[in-house]
Every structure is written in C-alpha cells, then in structure tokens.
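*Asks:* any chance you could fold what I've pasted below:
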Amino acid sequence: MVNKVCVYCASSDQAHPDYYAAARRLGELLAEDGIELVYGGGARGSMGAVANGALSRGGRVTGILPKFMDDLEWGHPSITDLQLVEDMHERKHQMLTQSEAVVALPGGAGTFEELFEAISFKKLALFLGPIILLNTRGFYDPCAALLEKSVTERFMGDVHNDIWTMVDTPEDVIPAIHASPTWTESHREHAVVKPDE
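*Replies:* A predicted model of the protein is given here:
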C-alpha cells in the first residue's frame, strides 16, 4: 500500500492545456485513492493543477518550497502543509524521502533534474519505490529512447529497465505504481554493469 506519492511537475502556465488537465486529473485520482500528494509547493502550471485536483477531492497535499520561492510568493496558499526549506537541494531531498513512489509529469529542466536524480538513487538502491513517467502528448518518448539507449550501450544493465514505468494517462498511474517490479537493497549489486548483464 502506497500512502504518499511525490509528483515532479512544472510551474509554467504557458504549455498546452492537456498537460494541466492531466495534472489535475492525477491529483483527483490520488486523493480519491487516499494517497497524499507531495510536490514542489507551487501554485501555477502543472504544480497548481495537481494540487488543486487533489484538494478538490479532499486530499492531503504537502508542498516543499525553498524559502526564496516563498519570498517571491510562489507557494500555493491553500495546501494542507507547506514546508519551507533552505534551498533546492533540500527540497529534492525532502520530496523524495517523504514519499513512497514518484510520478514525473512533463516539465522542464527542474523536472528532469528531479526525475534523473530519483532514477540514479533507485539504481543505487537509495530509493526503492516505483518511478512512473506520465507520457501526456508523447512528451517522454525521447526520454524513454535515451534511457533505452543507455541500456543498449551498456551504461546501465538490462535490470535497470525495471527502474521506471511509462504510462499514457493519469488513470494508468496508480495501477502502474502497484504493478511496479519490486526493488530492494540487493539491487545495489547491479549498480555497476557486469559482463553477464
């Protein structure tokens, strides 16, 4: 049973409306399933949409926001718990350690950084939860190709394909979390690619 899910997403409000609709729907579904949303604490773009979706269904929403962003009034004023941290590094650390699974929505450099750190941590068995990429509008197709290329070129092993799962719709996210392959600390032995992998 997963109780808290970290959602990585963007604050831009200039992208295609489909991205915000998918984010809001994911928030609704998490709340309806009794899952707490942990996210970056923002009020705009996909961040605001996913939080508002969860809040609209009575869900609990925890936002992790650097103090300088709070000074700029970027924080969501209505979420359940807004936790202020010193910097971006602490934000990422708290978001991941407070969660049992990760969902990455389409986004920019910050979202990519968060996603790839989570993938790296799981490869090293420092994070063991499911990592789901929500592929709205085919956004993550190039990313999936890059990750696969990393495996075929032997920078990662075949076992590392189990680190992430890509889905097409918000309705697919929670089932994918529950169906995600089990990952344990024993997977650390595969962090370095061996000849038979």
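*Asks:* how would you label D172: helix, strand or coil?
*Replies:* Secondary structure for D172, judged by DSSP: H, G, I helix; E, B strand; the rest coil, is helix.
*Asks:* tell me who's in contact with E185.
*Replies:* Shown here is E185, whose contacts under the criterion Cβ atoms under 8 Å, 6 or more residues apart in numbering are A125, L128. Every C-beta, even on glycine, is put in place using the N, C-alpha and C of the backbone.
*Asks:* use 21 as the first number for this chain going forward.
*Replies:* Yep, numbering from 21; the last one is E205 now.
*Asks:* report pLDDT for it.
*Replies:* With respect to pLDDT, E205 has a value of 95.
*Asks:* do the same with E217
*Replies:* Residue-level confidence at E217 comes out at 61, pLDDT.
*Asks:* how about V213?
*Replies:* The predicted local distance difference test score for V213 is 88.
*Asks:* check contacts around V25.
*Replies:* Residues touching V25, when contacts are defined by Cβ under 8 Å, 6+ apart, comprise L50, I55, E56, L57, V58, S119, E120, A121, V122, V123, I197.
*Asks:* N23 is in contact with the fifth one, correct?
*Replies:* It refers to V58. No: with the criterion set as Cβ atoms under 8 Å, V58 and N23 do not qualify as a contacting pair; they are 10.3 Å apart.
*Asks:* okay, those two: which has more neighbours?
*Replies:* With neighbours defined as other Cβ atoms under 10 Å, V58 and N23 compare such that V58 has more, 26 against 12.
*Asks:* quick check: bridge partners of the more buried one?
*Replies:* Residues found in beta-bridge contact with V58 (criterion: DSSP bridges) are C26, T82.
*Asks:* tell me where this protein has strands.
*Replies:* Taking DSSP state E as the criterion, the chain carries its strands at 24-28, 56-59, 81-86, 101-105, 121-124, 151-154, 184-187.
*Asks:* could you say what helices and strands the second one packs with?
*Replies:* So that's strand 56-59. Packing contacts for strand 56-59, counted by 3 or more Cβ pairs under 8 Å, 6 or more residues apart in numbering; DSSP states H and E, involve strand 24-28, helix 37-52, helix 65-76, strand 81-86.
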